[in-house]
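> Predicted model and sequence below, questions to follow.
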Amino acid sequence: MSATDIGDDIDSDCEVIADTLEASYSGSPSQSLSEGDPLQLECQVSSQTFQHTHLSVTWFLHGEEDEIPRPIITLDKDLTVKPGAGFEDGYRAGLISMDKVEDTTYRLKMPQVQQSDQGKFFCKAIEWIQDPDRSWTQIAHKTTTACNVEIKRIVAPDAGSFSVHLKASKGPLQEGDELDIRCSVNAQNLPGHFFSVTWLKNQQKVAHIGSSGVLTMFDSYKERENAAEMRAVKTSHTDYLLTICSARAEDQGQYQCEVWQENMNEDGTFKKIQKQMSSPETVSITAKEQQKGVLKWICEDLNERFNTGMPRGFNYHKHNVRVQLMRNSISQVQTPTNLLSSQKPGSNKALKINEHGSNRKRRGHSCPMTARPQGAATDANQEAT
């Protein structure tokens, strides 16, 4: 057999597999976090080959002092999850995980980052094919762009002092979303201290948890807490959580935590020693786009009907919105989340959308019931003097 015949025979047995592997990261190119904050990153990986191939995806961290990137965690070609060298303890403790979301998204989750986690995070995908002898051969690989993550160190306070940190739900938030305002206290020998925590919005008191565990809601927030629309709890020695289960536009504003260190007197009351304030954080809440669009359409339609003349009494029902009109003016509007009632007839060319009527409970979802801590004081006289 000639050399030409051998070459033709080899060509007839070989099949070239096109490289259709794609890997991308579309998130923010950088993030700034503090120690203890959660980190979540996603990359998209896909292949359009007609061959029966498998994919493995690995998240890497290239720290400032790393000569080469370190693999954090891998979802292997056999769908097993493997932590990288040096990340095994974090994986076993649940501080590092990786999920495959739908067909193409690979999500890295680190609920409490540390200073050592600072650096550039990126994703690498490898496409594999299995040979007849059941061994695996790599046929393609792709690497995504990186996200540079800065992690600020929380400096431990000096003996006898403490610091306060506030963290609010990241936006954008819409009406009806859950809003969490978390206050964290950092102090040495924390279990030996007593603290009272007050949440403020625009420098007005919202809720207060005393050193004895007594919860106090202020002003209109009392009704919302009684209706299970919001709650405040001490979740650990260091963390205090205010949850508004169905946020309203009126809940937007600038939030702060005021924390007092207190000493317990012999009679069981508490005396204030020193105070710390958290840095303020602004929360923005917008109306749901679908509701805004429907109400705008209703306004335009009603104005057109006004211009063409309407009977003295008229009931209008469209898009699950009821409008009662008397003498060519809007007297009442009712939507699934709004009840508007005016004492006097309104303008015949305007539809004013206010928030909830005072005689109607909001139909938002309620907070889950939380038991008060055992032994918590119920006498307001036990609060700080």
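Noted; the coordinates are in hand.
> where does the protein dip in pLDDT?
Confidence mapping of the chain against pLDDT under 70 gives the ranges 1-15, 155-160, 189-192, 289-366, 368-385.
> Can you point out the buried residues in stretch 120-136?
For stretch 120-136, the buried set under the neighbour-count rule, 16 or more other CB atoms under 10 Å, comprises 120-129. (Each C-beta comes from the backbone N, C-alpha and C, glycine too.)
> of all these, which comes closest to T216?
Of all the buried residues of stretch 120-136, T216 sits closest to F121, with 42.8 Å by CB to CB.
> Specify the beta-bridge partners of the closest one.
L61, C147 (DSSP bridges).
> same deal with V233?
As for beta bridges, V233 partners with L241 under DSSP bridges.
> Quickly note the distance from it to L108.
29 Å (CB to CB, to the nearest Å).
> which one of those two has more residues nearby?
Counting neighbours by other CB atoms under 10 Å for V233 and for L108 shows that L108 has the greater number, 22 against 17.
> May I ask which helix or strand encompasses the more buried one?
When secondary structure is defined by DSSP states H and E, L108 falls within strand 105-110.
> Let's see that strand as CSV, backbone CA atoms only.
This file holds the C-alpha atoms of strand 105-110, laid out as CSV (Å, rounded to 0.1, in the frame of the first residue of the first chain):
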residue,chain,number,x,y,z
THR,A,105,-26.0,29.1,34.1
TYR,A,106,-23.4,28.1,36.7
ARG,A,107,-23.7,30.0,40.0
LEU,A,108,-21.0,30.5,42.6
LYS,A,109,-22.2,31.3,46.1
MET,A,110,-20.1,32.4,49.1
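> and it, which strands flank it?
Taking DSSP bridges as the criterion, strand 105-110 pairs within the sheet with strand 39-46 (antiparallel), strand 97-101 (antiparallel).
> What residues of the last one count as buried?
Of the residues in strand 97-101, those buried by neighbour count under the rule 16+ other CB under 10 Å are M98.
> Enumerate every residue touching Q256.
Residues in contact with Q256, defined by CB atoms under 8 Å, 6 or more residues apart in numbering, are 166, 199-200, 203, 277-281.
> I should have written D180 there, sorry.
For D180, the residues meeting the contact criterion (CB under 8 Å, 6+ apart) are 168-169, 241-243.
> Equivalent analysis for Y106, please.
Applying CB under 8 Å, 6+ apart, we find Y106 in contact with 42-45, 57, 59, 75, 98-100, 123.
> again with R182
Taking CB under 8 Å, 6+ apart as the criterion, R182 is in contact with 166-168, 239-242.
> Tell me how far it lies from L241.
Distance from R182 to L241, counting by CB to CB: 5 Å.
> Could I get the full set of helices for the stretch 101-250 of the chain?
With DSSP state H, counting those that start in this stretch as the criterion, the stretch 101-250 of the chain has helices at 221-226.
> Any of the contacts of Q256 buried? List them.
Buried by 16+ other CB under 10 Å: 166, 199-200, 278, out of the contacts of Q256.
> could I get the residues you listed as TSV with distance to Y221?
Below are those laid out as TSV (distance: CB to CB, whole Å):
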residue	distance to Y221
L166	18
W199	9
L200	12
S278	19
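> So which of these belong to strands?
Helix and strand membership here follows DSSP state E; of the buried ones among the contacts of Q256, those in strands are 166, 199-200.
> Is it possible to get JSON lines of these that adds distance to H208?
Written out in JSON lines, the entries for these read as follows (distance: CB to CB, whole Å):
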{"residue": "L166", "distance to H208": "15"}
{"residue": "W199", "distance to H208": "8"}
{"residue": "L200", "distance to H208": "10"}
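> Would you confirm that I126 contacts T53?
No - in this structure, I126 sits apart from T53 without contact. The criterion is CB atoms under 8 Å, and the distance is 10.1 Å.
> Please report how far I126 lies from E67.
Between I126 and E67 the distance is 22 Å, computed by CB to CB.
> Same question for G253.
Separation of G253 from E67 (CB to CB): 48 Å.
> ok, the two, which is more surrounded?
Relative neighbour count places G253 above the other of G253 and E67, with 16 against 7, counting by other CB under 10 Å.
> in the sheet, who's paired with that one?
The residues paired with G253 through beta bridges, assigned by DSSP bridges, are V283.
> which phi and psi does the closest residue in space to Y106 that isn't next to it in sequence have?
Computed as CB to CB, 6 or more residues apart in numbering, the closest residue to Y106 that is not its neighbour in sequence is V57, at 4.6 Å. Note on V57: backbone dihedrals following degrees, to the nearest 10 are phi -130, psi 130.
> contacting residues around V57?
If you count contacts by CB under 8 Å, 6+ apart, V57 has them with 23, 43, 45, 74-75, 98, 106, 123-126.
> Adding distance to Q261 as columns, could you present those residues in JSON lines?
Below are those laid out as JSON lines (distance: CB to CB, whole Å):
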{"residue": "A23", "distance to Q261": "51"}
{"residue": "C43", "distance to Q261": "45"}
{"residue": "V45", "distance to Q261": "50"}
{"residue": "T74", "distance to Q261": "46"}
{"residue": "L75", "distance to Q261": "46"}
{"residue": "M98", "distance to Q261": "41"}
{"residue": "Y106", "distance to Q261": "45"}
{"residue": "C123", "distance to Q261": "45"}
{"residue": "K124", "distance to Q261": "48"}
{"residue": "A125", "distance to Q261": "51"}
{"residue": "I126", "distance to Q261": "54"}
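> for those residues, which one is nearest T143?
For the contacts of V57, the minimum distance to T143 (CB to CB) is 4.8 Å, reached by K124.
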